[in-house]
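A.B. asks: just the structure for this:
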Amino acid sequence: MARTLAGRGYLVLTYNRRGRCSTILGSCSSGVDDLAEHWKDVVGAYDFVRRTGATAIVLGGASIGAMATFHAVQRRDLPVAGVVWIGGVLDGEYRFDRRGVRRVTVPKLFISARQDSYGGGEAARRMHRWSVAPKELMLVQDLGHGTDLFRAASEDRDEVEQRIVAFVAAATTAR
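C.D. replies: Purely as a prediction, here's the structure:
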């Protein structure tokens, strides 16, 4: 997804949250993998991108990344152009409720597999229902969770990527 967006001219930052290793990059980030603290990594990534001069920023994540991202925007009122939630759940390290979710007024895109084994489909439906407009919901037939929706074998990969690209384009040009 990062390559797809970068290929369309967007500045894209991907990172290892604290305490995680990347098999692709062959490197590890420092710190302890404390899921409840990952929202701070989102804020750090946001601050870094702002320092590069970016003005219209869309934050997104998958699974714990979706939850940490939404929590960071909700908690810090980060001035973002939009938020992409992919396969997050409601009963993990981050708790979401109607009142808190309604505070996020920027465009939101909630994506999940309908039958995500972790409950991502129901979580996406509920987050969408609790959210104020502008908001979008995309549920796909894939059985995967989070970044599984981007694997080559996913029948829904192209559709998911196209929806995210369209969302980012609309969110960043609306500012």
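
A.B. asks: look up how far R126 lies from M1.
C.D. replies: M1 sits 24 Å away from R126, taking Cβ to Cβ, to the nearest Å as the criterion. Any C-beta I mention is one placed from the backbone N, CA and C, and that applies to glycine too.

A.B. asks: pull the residues that contact stretch 112-126.
C.D. replies: 63, 85-91, 110-111, 137-146, 148-149, 156 (Cβ atoms under 8 Å, 6 or more residues apart in numbering).

A.B. asks: can you get me the start-to-end distance on stretch 108-124?
C.D. replies: Distance across stretch 108-124, first residue to last, is 11 Å (Cα to Cα, to the nearest Å).

A.B. asks: stretch 92-99 now?
C.D. replies: Terminal residues of stretch 92-99 are spaced 18 Å apart (Cα to Cα).

A.B. asks: for this protein, longest helix please?
C.D. replies: helix 157-173 (DSSP state H).

A.B. asks: which residues touch that helix?
C.D. replies: With Cβ under 8 Å, 6+ apart, helix 157-173 has contacts from 1, 4-5, 8, 10, 56, 58, 60, 81-82, 84, 106-107, 109, 111, 136, 138, 140, 149-151, 154.

A.B. asks: which ones among the residues you listed lie within helices?
C.D. replies: T4, L5.

A.B. asks: selection in ChimeraX covering whichever of the contacts of helix 157-173 are buried, please.
C.D. replies: Selection of buried members from these for ChimeraX, criterion 16 or more other Cβ atoms under 10 Å:
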select :1,4,5,10,58,60,81,82,84,106,107,109,111,136,138,140,149,150,154
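
A.B. asks: just the contacts of helix 157-173: which are in strands?
C.D. replies: If you go by DSSP state E, the contacts of helix 157-173 have V58, G60, G82, V84, L109, I111, E136, M138, V140 in strands.

A.B. asks: now these as CSV including pLDDT and distance to F96?
C.D. replies: Shown next, in CSV, are those (pLDDT from 0 to 100; distance: Cβ to Cβ, whole Å):
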residue, pLDDT, distance to F96
V58, 98, 19
G60, 97, 16
G82, 98, 17
V84, 98, 16
L109, 98, 16
I111, 98, 16
E136, 98, 17
M138, 98, 18
V140, 97, 21
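
A.B. asks: who's in contact with Q141?
C.D. replies: Q141 neighbours (Cβ under 8 Å, 6+ apart): A113, R114, Q115, E155, D156.
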